[in-house]
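Asks: just the structure for this:
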Amino acid sequence: MSTYVLVAEDDRKQAELIRRYLVHDGYVVTAVHDGETALREATRRPPDLLVLDWMLPGLDGLEICRRLRRESELPILMLTARSTEDDLLRGLDLGADDYMTKPFRPRELVARIRTLLRRSRPSAGPASVAAVSPAAPESPAVLTVGGLTVNAAQHQVFVQDRPVNCTPGEFRILSAMAASPDRVFTRSQLLDWLTDHGRPVSERTVDVHILNLRKKIETSPRRPQYLLTVHGIGYKLASGGHGA
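Replies: Purely as a prediction, here's the structure:
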């Protein structure tokens with residue numbers, strides 16, 4: 001079954017260019033040009049991935065991202081002419097999984113989409129997409145750390161049997177840490193789980209994902225028991241879910 005990508009871009013020429021490159025790569029694509037239509041289409045026919053322009057008329061990309069994240073973990077790649085680190089972190093904080101600034105090369109966009117789909121759902125994408133990221137180490141399909149359970153095969157996370165809705169980026173970080181509880185990961189190491197293109201993404205991206213994960217899995221995000229900061233180094237997932 002072909003992978004379905006929804007492209008929300010108000011520049012019709014840009015949207016058509018993206019559509020053509022994705023169709024050539026084997027995807028089924030729908031392009032829309034305003035925020036209300038984008039949200040309606042994403043809800044009516046959930047895509048495997050959403051390419052979302054920040055500055056859409058009507059509802060902007062940030063508001064769409066915020067609303068979709070209330071009930072969906074679909075991968076979202078944000079497009080924008082904004083390029084500051086604060087803008088990047090703002091988009092990621094609302095649940096975007098990747099971020100490209102304009103102007104961009106269409107081939108790089110397709111490569112980012114292919115990688116994001118592979119990470120979010122190993123079976124997704126055209127036949128040419130590898131089933132598993134080459135950077136991912138082998139680990140059990142179900143990982144349990146204290147009261148936290150990570151099911152890699154089904155892309156599910158539970159805390160004391162409570163389901164937790166994670167974005168693909170959050171899930172990749174949590175899976176890596178759950179495979180090695182109590183191991184201290186540097187931000188650079190965790191960032192490797194979010195990108196394999198070598199693009200200049202700030203390590204603060206990892207901080208945003210950790211912040212969001214704490215909001216989702218911790219009883220008190222300000223006093224975490226699972227995701228602990230190791231000052232001057234990075235983060236670790238504490239076995240047993242008890243902070244120091």
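Asks: C-alpha from now on. contacts and neighbour counts both.
Replies: Noted.
Asks: could you pull out the strands in the chain for me?
Replies: 4-8, 28-32, 49-53, 76-80, 98-101, 142-145, 148-151, 156-159, 162-164, 184-186, 227-230, 234-237 (DSSP state E).
Asks: sheet partners, orientation included, of the first one?
Replies: I take that to be strand 4-8. Using DSSP bridges, the strands paired with strand 4-8 are strand 28-32 (parallel), strand 49-53 (parallel).
Asks: any idea which of those strands is most buried?
Replies: Each of the strands paired with strand 4-8 was scored by mean neighbour count; the highest is strand 49-53, a mean of 26, by mean count of other CA atoms under 10 Å.
Asks: next, the angle strand 76-80 makes with that strand.
Replies: Orientation check (axes from the mean of the first three to the mean of the last three CA atoms, to 10 degrees): strand 49-53 against strand 76-80 gives 20 degrees.
Asks: quick check, distance from strand 49-53 to the centre of its chain.
Replies: Its chain's C-alpha centre and that of strand 49-53 lie 12 Å apart, by CA atoms, centre = their mean, to the nearest Å.
Asks: next one: Leu148 from Ala179, what distance?
Replies: In this view, Leu148 and Ala179 are 12 Å apart by CA to CA, to the nearest Å.
Asks: now Gln156. Nearest residue, chain neighbours left out?
Replies: The shortest distance from Gln156 to any non-neighbouring residue, by CA to CA, 6 or more residues apart in numbering, is to Val150 (6.0 Å).
Asks: distance of the one you found relative to Ile217?
Replies: Noted for Val150: a distance of 12 Å to Ile217, by CA to CA.
Asks: please apply the same query to Leu52.
Replies: Counting by CA to CA, the gap from Leu52 to Ile217 is 27 Å.
Asks: thought Gly26 was touching Tyr4?
Replies: No: applying CA atoms under 8 Å as the test, Gly26 and Tyr4 come out as separate, 9.6 Å apart.
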